[in-house]
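Novice: A predicted structure for the sequence below; I have some questions about it.
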Amino acid sequence: MDRLQICGGKPLKGEVFISGAKNAALPELCAALLTDEPLVLDNCPKLNDVNTMETLLSQMGVGVERNAPHRVTLDGASIAWPLAPYELVKTMRASILTLGPLLARCGRARVSMPGGCAIGLRPIDQHIKALAQMGAEIDLKHGYIAAQSQRLTGADITFNMPTVTGTENVMMAATLAKGVTTLHNAAREPEIVDLANLLTAMGARIQGAGESLIVIEGVERLHGATHRVMPDRIESGTFLAAAAATRGSIILRRTDAKALAPVLEVMRKIGLDIKVSNDDQGDQIALSHRGNYDAFHLVTAPHPGFPTDMQAQMMALAIAADGISTITETIFESRMMHVQELVRLGASIEVDGNTARVTGGTPLSGATVMATDLRASASLVIAALMAEGVTTIDRIYHLDRGYEAMEAKLSALGAEVLRIE
Ligand code: EPU
């Protein structure tokens, strides 16, 4: 298992190019199941989760080809096996995103139940309830979701909570259903808008993506398309937090400032200097220091609230803030696993229920720590960059799932980072 060794204490300085968004690329790869024509995704990040999704789709019979480092061509002319086996689903919950498209295109699907994961239980009852409302017969047996239907029919669906992959799964299924599907209380994340843009380019009729009411008018068939995956707002936020925490200055290139608005708002409020501009490749965000920054209070919430996927990184940032910060996690029930590891590095953090209270200003010193999930790993990287001495982060495969070339990007910004294989 690879480990990352970071010698901290150096401010990050320079420019970094932001990769395509993991959480947009994953559903967009699954959209290839909806058409028998080729789908081309540009700016598709090179990540372990993307590799896993490509393997899953090719096992189903989809042709998958990386024609350039960030261009993937998918050919779903024939789907031989509408099956997502346990071996792949257990490594990546986003495999559930094949359920809706398979059902809509093939009339049947067998997808392993994802089970719990480090950050919480993460049930999929909302996906199943919605597809059943659209006429699917669903059987949960032997750890698998076995679903079948003639053509799905449009339905009026209300989610109990805004679920990101739930909204995406049902939106994809509804594009080929007979009649109109209305999604109430839909998730509003920017990745949903990006997916809807791709589906629209494929011939789907979707209105309201990005709002809590989405209306999808089903069509007989979808065609191929070429689409550029949106920039990763969480990778963007992670680099901003790392630069701020090390009292450095950074320019993000090829990013999307609007998608990152809730994070930029907090960063500006605590006294970080943030300037947004754009060129023909997208937005640029420049962050620099005016000295210290203030403590803050944040509560994670569905978009446009503060993203849970930036909670752990903000906790690392809070360690160097002036005063006491509070961070409340409301989306996942056990997404505070990084706290113990941050404390091992010297941070002063107390947890009460789902709220962490971080006393800023305590110096960190390098130690061996363990990554427990993707964003927890990112927070440990930030803390290691701040710490005096050497930090070794174990189980770095979590980081490789969702950050493209993290150590190369950090090294180019002046960090001392070494991967130990
Ligand atoms: N929920 C249910 N039932 C469902 C679906 C969701 O109870 O059927 C609950 C969840 O347990 C959770 C809440 O609803 O408490 C929201 O979960 P959601 O379904 O929105 O999460 P997700 O779709 O499984 C996506 C991202 C996550 C991100 C969350 C929240 C992808 C592939 N994953 O997960 O990304 O944290 O939305 O924004 O898009 C990450 O990138 O590190 C990551 C975990």
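Specialist: In hand now; what should we look at?
Novice: Not counting sequence-adjacent ones, nearest residue to residue 410?
Specialist: With sequence-adjacent residues excluded and distances taken as Cβ to Cβ, 6 or more residues apart in numbering, residue 410 is closest to residue 417, at 4.9 Å. (C-beta placed from N, C-alpha, C; glycine too.)
Novice: what's near enough to touch the one you found?
Specialist: Contact analysis of residue 417 by Cβ atoms under 8 Å, 6 or more residues apart in numbering lists 4, 5, 6, 407, 410, 411.
Novice: Need phi/psi at the residue lying closest to the second one once chain neighbours are set aside.
Specialist: Leaving out its chain neighbours, the residue that sits closest to residue 5 by Cβ to Cβ, 6+ apart is residue 418, at 4.5 Å. Note on residue 418: backbone dihedrals following degrees, to the nearest 10 are phi -140, psi 130.
Novice: and stretch 118-128, how far from the chain's centre?
Specialist: Centroid separation between stretch 118-128 and its chain, computed with Cα atoms, centre = their mean, to the nearest Å, is 15 Å.
Novice: Count residues in the vicinity of the residue lying closest to residue 37 once chain neighbours are set aside, would you?
Specialist: Using Cβ to Cβ, 6+ apart and skipping residues adjacent in sequence, the residue nearest residue 37 is residue 224, 3.2 Å away. When neighbours are defined as other Cβ atoms under 10 Å, residue 224 has 18 of them.
Novice: Can you give me the distance of residue 224 to the ligand?
Specialist: Residue 224 is 24 Å from the ligand, where distance means Cβ to the nearest ligand atom, to the nearest Å.
Novice: Now do the contacts for that residue.
Specialist: Applying Cβ under 8 Å, 6+ apart, the residues near residue 224 are 35, 37, 38, 39, 40, 202.
Novice: Count the residues that sit near the last one.
Specialist: To tie it back to what came earlier, the one meant is residue 202. Neighbourhood size, residue 202 [other Cβ under 10 Å]: 21.
Novice: same deal with the second one?
Specialist: For residue 37, the number of neighbouring residues by other Cβ under 10 Å comes to 17.
Novice: Give me the distance from stretch 352-372 to the chain's centre.
Specialist: 23 Å.
Novice: List the buried residues in that stretch.
Specialist: 354, 356, 358, 359, 360, 364, 366, 367, 369, 370, 371, 372 (16 or more other Cβ atoms under 10 Å).
Novice: so what's the residue nearest to residue 410 bridging to?
Specialist: residue 6 (DSSP bridges).
Novice: Distance of it relative to residue 338?
Specialist: According to Cβ to Cβ, to the nearest Å, residue 417 and residue 338 sit 18 Å apart.
Novice: Next: residue 345.
Specialist: Relative to residue 338, residue 345 is positioned 10 Å away (Cβ to Cβ).
Novice: what does residue 323 give?
Specialist: Applying Cβ to Cβ to residue 323 and residue 338 gives a distance of 21 Å.
Novice: What about residue 255, how many residues nearby?
Specialist: Using other Cβ under 10 Å, residue 255 has 29 other residues around it.
Novice: pretty sure it is in contact with residue 18, am I right?
Specialist: Yes - taking Cβ atoms under 8 Å as the definition, residue 255 is a contact partner of residue 18 at 4.4 Å.
Novice: Residues that sit against both of those two, list them.
Specialist: 231, 236.
Novice: quick one: is stretch 103-123 near the ligand?
Specialist: Yes - applying Cβ under 6 Å from any ligand atom, one finds stretch 103-123 touching the ligand at 120, 121, 122, 123.
Novice: Make JSON lines from the residues you listed and add pLDDT and neighbour count to it.
Specialist: Below are these laid out as JSON lines (pLDDT from 0 to 100; neighbours: other Cβ atoms under 10 Å):
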{"residue": "120", "pLDDT": "83", "neighbour count": "14"}
{"residue": "121", "pLDDT": "83", "neighbour count": "10"}
{"residue": "122", "pLDDT": "88", "neighbour count": "17"}
{"residue": "123", "pLDDT": "91", "neighbour count": "13"}
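Novice: From those, pick the one nearest residue 333.
Specialist: Of all the residues of stretch 103-123 next to the ligand, residue 120 has the smallest distance to residue 333: 4.4 Å, by Cβ to Cβ.
Novice: Is residue 292 in a helix, a strand, or coil?
Specialist: With DSSP: H, G, I helix; E, B strand; the rest coil as the basis, residue 292 sits in coil.
Novice: Just give the closest residue to residue 273, not the sequence neighbours.
Specialist: Excluding its sequence neighbours, the residue lying closest to residue 273 (Cβ to Cβ, 6+ apart) is residue 288, at 4.8 Å.
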